[in-house]
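Student: how does the following fold in three dimensions:
(one chain, ligands or ions: 1)
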Amino acid sequence: EWTPEAFVDMTVADLKKQIGDDKVVLGLSGGVDSTVAAVLLHKAIGKNLYCIFVNNGLLRKNEFESVLDQYKHMGLNVKGVDASARFLEALAGISDPEGKRKAIGKTFIDVFDDEAHRIKDVKYLAQGTIYPDVIESVSVNGPSVTIKSHHNVGGLPAYMKLKVVEPLRMLFKDEVRRVGAELEIDKELLGRHPFPGPGLAIRILGDITPEKVRILQEVDAIFINGLKEWMLYDKVWQAGAILLPVNSVGVMGDERTYEKVVALRAVESTDGMTADWVNLPYDFLQKTSNTIINRVKGVNRVVYDISSKPPATIEWE
Ligand code: XMP
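Tutor: Below is the predicted model:
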């Protein structure tokens, strides 16, 4: 039988043996997976683990600063790199979902490569890849159909010469959380909803501009903070807001408006492979919608996504 204790013991021993005295660089995302991977590696190799937390400019509101602070308190050796401008530049004019993932994946690798070169003699790159990432990237319905190419799967270009370590590759999300609890990682961090690596880029349908990122960050923060205030956050597996590429007509006072529509999505799931939309209380939806429309300039309509996966995926792109 699989237990988190046994998994931690075995994995830490394996990592020690495999890595020895070599240096490892790891990309932290603020999420459960990369954090658990980092703590496991830290347990195995201590100061030879160099963590890098990249701000791709597509994180949730205030996420970069607050998560970086949390990591420092955990004793991890973390360098925060603000590469927002570089990512936005790489994404300029790209509307296609897979095109966005490719641009982001490539920029991540470039930023990493720069950082890894700054640390001398790095041999390994560690990632928090989990089992569903592996299978969804490889195939659904057969070996040649890619549904979404998760940006963090698929290895590295040869020029990087780093070997990849993925200690969570065989685990599902709930198992990762149990391992995290075994490692005494903060409950709040472990309970965080999954957030995709490409971040808000795949929740802004169409092309990405700094203004759209700002609008979506505000909307998302109202929705997520509301879920927390209403004690609904832990009942939901994942939630977020989507900025739609359409304008709708509205009225504000005596004025006609023609502004953006946002969709809210909240799902129940165990592993992200299938998901049901959550029956959030009408009172909550009403309050949230009012707050968004009153506070976020540029949005005049809020809709709620009532589609399950399959056939709809969790993310809209
Ligand atoms: P979908 O949209 O495929 O999402 O139902 C399933 C889970 O995967 C996340 N997701 C991603 N995560 N890179 C990631 O790291 C990606 O490109 C990506 N696409 C989707 C999604 O947020 C959900 O948790």
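Student: please enumerate the strands of the chain.
Tutor: 23-28, 49-55, 78-82, 122-126, 163-165, 238-252, 255-268, 276-277, 299-304 (DSSP state E).
Student: output those strands as TSV; include the columns mean neighbour count and mean pLDDT.
Tutor: The C-beta positions use only the backbone N, C-alpha and C, and glycine is treated the same way. Shown next, in TSV, are the strands of the chain (neighbours: other CB atoms under 10 Å; pLDDT from 0 to 100):
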stretch	mean neighbour count	mean pLDDT
strand 23-28	22	93
strand 49-55	22	96
strand 78-82	17	97
strand 122-126	21	92
strand 163-165	17	92
strand 238-252	17	97
strand 255-268	18	98
strand 276-277	16	98
strand 299-304	19	98
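Student: nearest to the ligand, of these?
Tutor: strand 238-252 (5.3 Å; CB to the nearest ligand atom).
Student: are the closest one and the ligand in contact anywhere?
Tutor: Yes - Strand 238-252 reaches the ligand (CB under 6 Å from any ligand atom) through Gln238.
Student: Lys72: neighbouring residues, count only.
Tutor: 12 (other CB atoms under 10 Å).
Student: how about it, nearest residue that isn't a chain neighbour?
Tutor: Of all residues not flanking Lys72 in the chain, Val78 sits nearest, at 6.4 Å (CB to CB, 6 or more residues apart in numbering).
Student: you'd agree that neighbour is up against His42?
Tutor: No - taking contacts as CB atoms under 8 Å, Val78 lies outside contact range of His42: 10.5 Å.
Student: which residues touch the residue nearest to Lys72?
Tutor: 28, 51-53, 68, 71-72 (CB atoms under 8 Å, 6 or more residues apart in numbering).
Student: what residues sit buried inside stretch 64-83?
Tutor: 64, 67-68, 70-71, 76-78, 80-81, 83 (16 or more other CB atoms under 10 Å).
Student: still on that earlier bit, could you measure the residue nearest to Lys72 against Val8, distance?
Tutor: As defined by CB to CB, to the nearest Å, Val78 lies at a distance of 21 Å from Val8.
Student: can you get me a residue count around Ala92?
Tutor: With other CB under 10 Å as criterion, Ala92 counts 11.
Student: please apply the same query to Ser307.
Tutor: Neighbour count for Ser307, taken as other CB under 10 Å: 15.
Student: let me see the confidence value for Ile109.
Tutor: The confidence metric pLDDT takes the value 87 at Ile109.
Student: distance of it relative to Leu28?
Tutor: 16 Å.
Student: where does pLDDT dip in the chain?
Tutor: For the chain, the stretches with pLDDT under 70 are 136-160.
Student: hang on, isn't Thr11 packed against Leu40?
Tutor: Yes - using CB under 8 Å, Thr11 is in contact with Leu40, at 5.8 Å.
Student: those two: which is more packed in?
Tutor: Between Thr11 and Leu40, counted using other CB under 10 Å, the more crowded position is Leu40 (25 against 20).
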